[in-house]
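A.B. asks: Need a 3D model of the sequence below.
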Amino acid sequence: MQFTEQKFNIGQLEGISAKTIEEHLKLYTGYVKHANLIHEKIQELLNLDPEKHAYPIAEMQRRFAFEFDGMRNHELYFTQFEGGAKPAESLVELKKKIESKWGSFETWFSKFSSLAMTRGVGWAILYFDKKTNQLVHTWIEEQHIGHLTGLDVILALDMWEHSYMLDYVPSEKKKYIEAFFKNLNWEVVEKRFSDIVSR
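C.D. replies: As a prediction, this is how the structure comes out:
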């Protein structure tokens, strides 16, 4: 099994520099590379002697989760910029679902933006839980710790400092959050939601 690096068609963004995207994409490339390397090494050790290599296999399995989720999180993140910014006004079904839970889009937006300000590195994620037919948002530590089992990602906001440090100092990360939403293609997010609901 090999994981393939995706290519993203990202135009000029407002408030997020081309240099930031360029360097950020290099990190994504690293996640793909290391997910493949670790997976291959685990298979090698399993084929040799699983009992003898139980400890390094276990440690690599933990590291694999970090690299794999780093790869997938970034694929979700960068895809949200493709096609240029599309306003939240283009939302239909997702907006209805947000309003049914939080009362208004503005209330959800305020709560999600506050979530993104969580201290430390990680991700602010909006999920859809098909089992309970509701939206849930939460903070993901690093790339993998705290992902909610069985839930589908609708929106992924990278809050590692590498996402904004070339443009904003850490005390200005609120400006980065504003820039993220200014450049977000909400049609991509809406399609994720409708695809999940319909399958």
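A.B. asks: any idea where the helices of the protein begin and end?
C.D. replies: Listed in chain order, the helices found in the chain under DSSP state H are 18-48, 54-79, 93-102, 105-116, 173-183, 186-198.
A.B. asks: between the second one and helix 186-198, how many degrees?
C.D. replies: The one in question is helix 54-79. Per axes from the mean of the first three to the mean of the last three C-alpha atoms, to 10 degrees, the angle that helix 54-79 makes with helix 186-198 is 120 degrees.
A.B. asks: tell me the mean pLDDT over helix 54-79?
C.D. replies: Helix 54-79 shows an average pLDDT of 93 in the prediction.
A.B. asks: elements contacting it?
C.D. replies: Counting by 3 or more C-beta pairs under 8 Å, 6 or more residues apart in numbering; DSSP states H and E, the packing neighbours recorded for helix 54-79 are helix 18-48, strand 152-158. C-betas here are computed from N, CA, C, even on glycine.
A.B. asks: Quick one: closest of the ones you listed to E99.
C.D. replies: Nearest to E99 among these is strand 152-158 (14.7 Å), distances taken as C-beta to C-beta.
A.B. asks: Show me the contact partners of the closest one.
C.D. replies: The set of residues that contact strand 152-158 without belonging to it, under C-beta atoms under 8 Å, 6 or more residues apart in numbering, is 24, 73-74, 76-77, 80, 94, 112, 116, 123-128, 130, 135, 177, 180, 189, 192-193, 196.
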